[in-house]
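Peer 1: build me a structure from this.
(chains A, B, C and D)
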Amino acid sequence: MTQAAVQTDTIEMTYREAVKQALRDAMKRDERVFLMGEDVGRYGGCYAVSHGLLAEFGPERIRDTPLSESGFTGAGIGAAMAGMRPIVELMTVNFSLLALDQILNTAATVRHMSGNQFGVPLVIRMATGAGRQLAAQHSHSLEGWYAHIPGIKVLAPATLEDARGMLWTALQDPDPVLIFENVMLYNMTGKLAADAGPVDIDKAAVRRAGRDISLITYGGSLWKTLEAASALAADGIEAEVIDLRSLRPLDDATIMASVGKTRRAVIVDEGWRSGSLAAEVGMRVVEQAFWSLDAPIGRVCSEEVPIPYPRHLENAAIPQAPKIVAAAKAALGRA
Amino acid sequence: MTARADKPHLSREHMLELLRQMIRIRRFEDKCAELYTQEKIRGFLHLYDGEEAVAVGVIPVLEKRDRIVATYREHGHALVRGVPMKTVMAEMYGKQEGCSRGRGGSMHLFDAATNFYGGNAIVGGGLPLAVGLGLADHMQGHNLVIACFFGEGAVAEGEFHESLNLAALWGLPVLFVCENNFYAMGTALAISESETDIHRKAESYGVVSEAVDGMDVVAVEAAARRAVQAVRENRKPYFLECRTYRLRAHSMFDPQLYRDKAEVEARRKNEPIVRFQGWLQANQMIHPEDLSRIEAEIDAEIAEAVAFAETGTWEPVEQLTRFTYAESDASAIGKMP
Amino acid sequence: MVDFRMPSLGADMEAGTLVEWLVKPGDQVKRGDVVAVVETQKGAIEIETFQAGQIEQFLVGLNSKVPVGTPLARIRTEGEEAKPAAAAPPPPVAPAIERAPLAPAPPPPVAPPPRAPAALPGARASPAARKLAEERGIDLSAMAGSGPQGAITFADVERRLGEAVAAPEKRRGGLDLAAMRLAIAAAMARSKREIPHYYLAHQVEVTACEQWLAEKNAALPPDNRLLLGALAIKAVGLAARRFPAFNGFYRDNRFEPAPAVHVGVAVAIRGGGLAAPALHDADRLSLDELMSGMRDLVQRTRAGRIRGSEMSDPTITVSSLGERGVEALYGIIYPPQVAIVGFGKATMRPWVVDGAIGPRSVVTITLSGDHRATDGHAGALFLAEIGKLLQEPDKL
Amino acid sequence: MTDSDIRKVVEEELNNIAPEADLASVDPEADLREAIDIDSMDFLNFITAIHHRLGINIPELDYPKLITLKGADAYIAAHLGSGKA
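Peer 2: Okay, here's the model as predicted:
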């Protein structure tokens, strides 16, 4: 993390604004960069992330597309292979399934199939997650599926620094990088250093240090997990909170160092429990830190149901701080 | 071979070269089929038997800097494009010396040196990629032509329509070449499309479109010259439907339950090599010794390619996970012509 | 090039601390040379190399605690070219374990080799607790846990260790008596848990031995004198050779006879504690060799300097309470061995000899046998053989 | 060699065998095997040490005479210089 260690001037802004700054910065820095997606231009972005960029960079580089996810994602792949640095925006992770063929069968495989002759330096951004009462076709968290695929990298910026800093680093990557932005974070405000810039995209971060239990999470669940950690602290339990940041590759070293210290882990993942990223993280802990464990690994994931529309049911379907507190206490034998 | 006039120059030399390329593909693939039965080549093997006139008619019209996207039935395209036969054969074997290091096999021939963007084995999957190559050229201004080959089966895929729309909408220099062999594996065109006149679908997107007899290499070349010139000059897509016929099965393991032998035999009488060779002989543009010389040269080239593949090396298993991500010392990103 | 590794010196050893190198890079070593001193829960142990060659490089720093199997040094075997120093690769860093005995071990960077956890039927304990307990010789079966569902946690074991160490006993030489006590506890508890012991006793007249010793020792300076214990060990060694079912190891549900007879000699440590290092080839040594070997072994054991192979090699154990103590002792088998022979003190008894009662010196010899490997019948023959051998000391 | 020199040697050698023993508090007439917990091997080592240090070869038959501090002092005093009992 290149989060300013020395206190510099900070600016209060939203996560949305941090993403926009990252886009603007990348467009300015590199002429090969362009943004392409549904309603990114005239509409200003479904989540208003690219609002104002069309006027600044014009329709060639802030390129509205028809509703052809596979077509324009594939176009992004081809443009990347031909020397451009496209940023493809898919409106939500649910819609990305219409482009899954291009992402999995082309973007992730070309380097390998071509014997390293061609690469796809493409960035695909998309919104993920529940919490806006958008029901069962707009609210899922499928980033764990993408993290299954060799050949791509998967990022989950949870903080303003990462929203601002991951994009440029991803654009420098010679391989496809998918960035998942949790919809509940766009309105989050915070302070960002005025000179905030690129950050690494392969390390997990310890967002709160603690000795009693490791709470491992990413994306939108980070803030609920930090809230849970504060609640636990009131009960004298010092939880360490790990923000994975990169879901593929996973930073095993940071995870194992934490679990080695606390000997307990609970994984918080907005994906469904079965076959989840949480399952992957948990299994790695078992493989690599089994002899350090003092309790069964816990998971707080989404319930096994399509995300429902009513607020109370939606809230109940996804991880929340009280569930995280309960899972942590169970792992500590204090349930 | 890269003459840019919109009319083929029907010199004897050029005619012999067209014939030679078609025979070269045919004999190479005959050898592949033989090697397949000997288990030297595995996986899927899709042969181009009967369709040679399309690749031979279109690809030599392109310039070296232009880019090509092909399908899983792409041996002919790779050979005509100039990917060395020995590296193609080594790829069929899965050897390290193959044009894709053996990682791709028959369906995934790639060659950066000739801007050959690969055999894509997802039907329709190559079209968006070609659109992207065209978009890059649109933004970079290199004035390239992107030739995208696909079969008529791809027409049923959403990606076909998305891609034609995007290319037309954004004015991208993509030459769509539909190799209509009338069967998507075993499904005849008439039972999968409401509109079987495929080039009309392209017209509906405002793309200039024509259909051509894909069994006539001269006709294909003539159409390709028109098309390539139009794309290069107008910076707009162009759609060429080449009506052809696959004489062999879809792949090696296909009993062809879906069509009559009589239909295949009838088509065989009109297949592009027989037809072109007959025409040349009738017009006394070819002598028997020309033919035997061509065949001898090709057989020697094939023998050399087989020997090369046979003596090729298997990639060490220790390297299994390579080429999933870029390696700092071996990155081949964004190769420019 | 071969690696000289942290040896496993016993079933209960998982890690050791390298405390001294007795060689330096460049030294030539031959098989059997003592090259390093390693501190274990049983004390400092001199470890030897089984590879001849030249010490090429040390791979582990002094005072590093490393798991069994960790390469400690690299030995260039004969015929190998020396590597030019410049081209030598950086030494692989062995995963060092915190030296502070109570600090939790950091997790290994990669998956550690599979290790069989102590068999603890019924006891719910976390992996971290099991690992620490095994390393430190804590018996989890007698502990209560504070973790989820009453599981014993790492902290519970730490607390237990803290109690054990809270009353520190005087350290002597390389010995950590508290740790040794824990190790004994672990090994003996495991033995009693896993090994179905059977016990036999046999009274043997040792008058002939005593007379023979008195005559022999009268002519000898103290350095060369023999003790009755030496005769006992030789007799057990010879009997074990004749009854191989008592000489070897029970592992993986089967008995493996040992090719040689290495008698473990139980040595009491002053202040409490016990070790039973091997007297190698006890059946083949002359009595003089055996006696001097035994004196050396006892002295080194009490000074806390036992060689690695001496700890791991015993194929059968002899425990003797000497001329003090009690008439009979029934030993607990040291796993994975299958027998321990106990000698009580020699006492004067009325004894029938040639139809008349007379005073005779009598020793009660016992056998604790592993019923998985042998039965009482074989045990009786084995004990009787020892008794017979002791009737003819001049032939031992 | 004075009596106290002899006692010093005896105590030193016994302490080599039983370093934790506080010989000053041991009854001079107590059986050393019980008083400071030494066994036959320890005793043989003690006899051997006296032999090496003072040149006195103590036969087995005389062992009982040295089994107390007092007895050891007396035995050594009586045999010093003789080299033999």
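Peer 1: what segments of the stretch 51-200 of chain C are helices?
Peer 2: C:127-136, C:154-166, C:177-194 (DSSP state H, counting those that start in this stretch).
Peer 1: for burial, what's the neighbour tally of the residue in the stretch 201-350 of chain C positioned nearest to chain B?
Peer 2: When scored by Cβ to the nearest Cβ, the stretch 201-350 of chain C has C:D252 as its residue closest to chain B, at 32.1 Å. Using the backbone N, CA and C atoms, a C-beta is placed for each residue, glycine as well. Look at C:D252: counted by other Cβ atoms under 10 Å in any protein chain shown, it has 7 neighbours.
Peer 1: surely A:F290 touches A:I297?
Peer 2: No. Using Cβ atoms under 8 Å, A:F290 and A:I297 do not qualify as a contacting pair, with a distance of 10.1 Å.
Peer 1: mind checking pLDDT for whichever residue of chain C sits closest to chain D?
Peer 2: Using Cβ to the nearest Cβ, the closest approach of chain C to chain D is made by C:P222 at 3.9 Å. The model reports C:P222 with a pLDDT of 87.
Peer 1: what packs against the lowest-mean-pLDDT helix or strand in chain D?
Peer 2: One helix or strand of chain D scores below all others by mean pLDDT, DSSP states H and E: helix D:32-35, with a mean of 83. Here helix D:32-35 touches no other helix or strand, going by 3 or more Cβ pairs under 8 Å, 6 or more residues apart in numbering or on different chains; DSSP states H and E.
Peer 1: which SSE is immediately downstream of it?
Peer 2: Downstream of helix D:32-35, the first helix or strand assigned by DSSP states H and E is helix D:40-54.
Peer 1: just to revisit the earlier point, now the residue of the stretch 201-350 of chain C closest to chain B, what are its backbone angles?
Peer 2: phi 50, psi 40 (degrees, to the nearest 10).
Peer 1: ranges for the strands of chain D?
Peer 2: When assigned using DSSP state E, chain D turns out to have no strands.
Peer 1: show me what residue of it gets nearest to chain C.
Peer 2: For chain D, Cβ to the nearest Cβ, closest residue to chain C: D:T48, 3.9 Å.
Peer 1: so that residue versus chain A, what's the distance?
Peer 2: 49 Å (Cβ to the nearest Cβ, to the nearest Å).
Peer 1: I'd say that residue and C:P222 touch.
Peer 2: Yes. D:T48 is in contact with C:P222 according to Cβ under 8 Å; the separation is 3.9 Å.
Peer 1: what's the burial count for residue 69?
Peer 2: Defaulting to chain A. 27.
Peer 1: that was the other one, I meant chain D.
Peer 2: 21.
Peer 1: contacting residues around the residue nearest to it when sequence neighbours are not counted?
Peer 2: The spatial neighbour of D:L69 that comes closest, neighbours along the chain excluded (Cβ to Cβ, 6 or more residues apart in numbering or on different chains), is D:P28 at 4.4 Å. By Cβ atoms under 8 Å, 6 or more residues apart in numbering or on different chains, D:P28 lies in contact with D:68-70, D:73.
Peer 1: buried among those residues? Make that a ChimeraX selection.
Peer 2: Remark: buried members of the contacts of D:P28, expressed as a ChimeraX selection using 16 or more other Cβ atoms under 10 Å in any protein chain shown:
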select /D:68,69,73
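Peer 1: and which of the contacts of D:P28 is nearest to C:E48?
Peer 2: D:L69 (40.8 Å; Cβ to Cβ).
Peer 1: show me where the stretch 201-335 of chain A has its helices.
Peer 2: A:221-234, A:252-262, A:277-289, A:311-317, A:321-331.
Peer 1: out of these, which comes closest to chain D?
Peer 2: Nearest of these (Cβ to the nearest Cβ): helix A:252-262, 40.7 Å.
Peer 1: just the buried positions in the least confident helix or strand of chain D, please.
Peer 2: Judged by neighbour count using 16+ other Cβ under 10 Å, the buried positions of helix D:32-35 are D:32-33, D:35.
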